[in-house]
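Visitor: Let's see this in three dimensions:
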Amino acid sequence: MVGEVGEVAELFQWRGEVAEGLPGWTESEREQLAHELSDVMIYLVELAEKCRVDLPQAVLRKMALNRLKYPASKVHGSAKKYTEYKD
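Guide: Next up, the predicted model:
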């Protein structure tokens, strides 16, 4: 899986900040990205299955935890770690 993630990263390397929707990317580049992201997803699902992790439930639990750690009223527009926010 790490190798596949590396292939995704390689597609973004040297592009700087990439705007939403990937303007300026060719159809071929978009298709390559879709293939590489699919490879990552396949490996991730296989790993979760092998480890007997209910991935959809794990994602929902993680999102609930993140909501508590990063309340929108405090974190909107910031990239600080949750320990840096004052109550």
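
Visitor: quick one: buried residues of the helix or strand Asn66 falls within?
Guide: Here Asn66, judged by DSSP states H and E, is contained in helix 55-69. Neighbour counts over helix 55-69 (16 or more other Cβ atoms under 10 Å) mark no residue as buried. Backbone N, C-alpha and C define where each C-beta goes, glycine included.

Visitor: I'd like to check what contacts the next helix or strand after it. Which residues are they?
Guide: Where DSSP H and E defines the elements, the next helix or strand beyond helix 55-69 is helix 72-75. Helix 72-75 is contacted from outside by 82, 85, using Cβ atoms under 8 Å, 6 or more residues apart in numbering.

Visitor: And helix 72-75, how far out from the chain middle?
Guide: Centroid separation between helix 72-75 and its chain, computed with Cα atoms, centre = their mean, to the nearest Å, is 20 Å.

Visitor: Renumber starting at 24 from here on
Guide: In the new count, where the first residue is 24, that last one comes out as helix 95-98.
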